[in-house]
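*Asks:* Sequence first, then the predicted structure, then my questions.
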Amino acid sequence: MEDQKLYPTDVLDAAARRFWYQRDATDDDTLDALDEVGDILSDSKNPRYRTLLTQVSQQAKEKKLRKYAAEALGNLASGDAEQLPVPTD
């Protein structure tokens with residue numbers, strides 16, 4: 001996806017949901033994988049993920065993941081977009 005600069009919304013939505021559901025992860029392998037997921041969301045520039053990333057940046061258990069979410073947020077395009085609904089637990 002990153003190499004081809006193709007970011008299908010359905011794939012991004014699935015990635016964003018994974019980011020959300022693993023916000024309480026503490027092991028380094030999972031956190032490293034979530035860093036990559038955050039990079040994909042960020043590289044898409046799609047503001048659709050602003051709400052979800054904001055909540056992860058504020059609520060994630062690990063400081064490292066809060067940082068990854070905040071970095072991804074910083075690279076999203078500005079503007080209004082229909083937000084991906086934050087999943088209910």
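*Replies:* Looks like it arrived, so ask away. Numbers count the residues shown, from 1 in each chain.

*Asks:* Tell me which stretches of the chain form helices.
*Replies:* 9-21, 28-44, 50-59, 63-74 (DSSP state H).

*Asks:* Next, the angle from the longest one to helix 9-21.
*Replies:* By that I understand helix 28-44. Going by axes from the mean of the first three to the mean of the last three CA atoms, to 10 degrees, helix 28-44 is angled at 140 degrees with respect to helix 9-21.

*Asks:* what does stretch 9-23 rub up against?
*Replies:* 1, 30, 34, 37-38, 40-41, 44, 46, 48-49, 52-53, 55-56, 59-61, 65, 69, 84, 86-87 (CB atoms under 8 Å, 6 or more residues apart in numbering). Heads up, the C-betas are built off the backbone N, CA and C, glycines and all.

*Asks:* Please indicate which of these are buried?
*Replies:* 34, 37-38, 40-41, 44, 46, 48-49, 52-53, 56, 60, 65, 69, 84 (16 or more other CB atoms under 10 Å).
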